[in-house]
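>>> pasting the sequence and the predicted coordinates here, then a few questions.
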Protein chains: 2
Amino acid sequence: MIAKTPNPPYYAVIFTSIRTEIKEDYLDTANRMVELAQLQEGYLGHESAREGLGITVSYWTSLAAIKKWKMDAEHQIAQEKGKSLWYKFFKTRVCLVERDYEFQSEFEIPGG
Amino acid sequence: MIAKTPNPPYYAVIFTSIRTEIKEDYLDTANRMVELAQLQEGYLGHESAREGLGITVSYWTSLAAIKKWKMDAEHQIAQEKGKSLWYKFFKTRVCLVERDYEFQSEFEIPGG
């Protein structure tokens, strides 16, 4: 669920969105886009959560890989449907990940 | 809900986490940390969602501002409690936001 990314530097695309009430085709398309993204050269992983606000972060080896994915024909159609149907508002931020660190609990958490 | 950030470049800290079952003090501390972060010099905003996986992105003017916040005394205590109580796993990624763009729907969405 948390993307296993290599040592920095690598790229992140933070996509923050507020949905409309329109559900038509949304889930199928979202799942298809995850499937397609995973096939792209330079794709490293992604993380996603929605709680009113939706945040999806995808990780990539390079800006070139991000641009190529953005221009993918099927992805372009999905982006257009996103604007006309599914999203009230979104913001996309393209970032260079400069450092990262992680924590793993050493305890077995009861009920966890 | 979506952070109003200035034109790039600026910094983002992507904090991705999986919680334990332990709820004690978590919400109060999380709210207090948001309140405290907002008072820090260089804080630009934050976005948060949890759906199993939790993703919180905070935005900052500089690496120096991020480091100073990380070293804040009250924040340090919260970070330690995070490791001993609230989180099974987390990953923090410090990123330079190089470009961003946004979309705002031009339509009033019925029921939206």
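Structure received. Please read these numbers as outputs of a predicted model, since none were measured by experiment. Residues are numbered from 1 along each chain as shown, chains lettered A, B, ... in the order given.

>>> right, is stretch A:52-64 up against chain B?
Yes: Stretch A:52-64 comes into contact with chain B (Cβ under 8 Å from any Cβ of the partner chain), by way of A:52-55, A:57, A:63. The way it works is simple: take the backbone N, C-alpha and C, and place the C-beta from them, glycine included.

>>> which members of the residues you listed are positioned in helices?
A:Leu63 (DSSP state H).

>>> of all the helix elements in chain A, which one is longest?
helix A:26-39.

>>> is the helix or strand hosting A:Ile14 up against chain B anywhere?
When elements are assigned from DSSP states H and E, A:Ile14 belongs to strand A:10-19. Yes: residues of strand A:10-19 contacting chain B under Cβ under 8 Å from any Cβ: A:12, A:14, A:16, A:18.

>>> which one of these has the most neighbours?
A:Ala12 (29 neighbours; other Cβ atoms under 10 Å in any protein chain shown).

>>> ok, the nearest residue to it once chain neighbours are set aside - how many residues close by?
Closest residue to A:Ala12 apart from its sequence neighbours, by Cβ to Cβ, 6 or more residues apart in numbering or on different chains: A:Cys95 at 4.6 Å. Taking other Cβ under 10 Å as the criterion, the count of residues near A:Cys95 is 27.

>>> wait, A:Cys95 touches B:Ala12, no?
Yes: at 5.5 Å, A:Cys95 and B:Ala12 qualify as touching, with contact defined as Cβ atoms under 8 Å.
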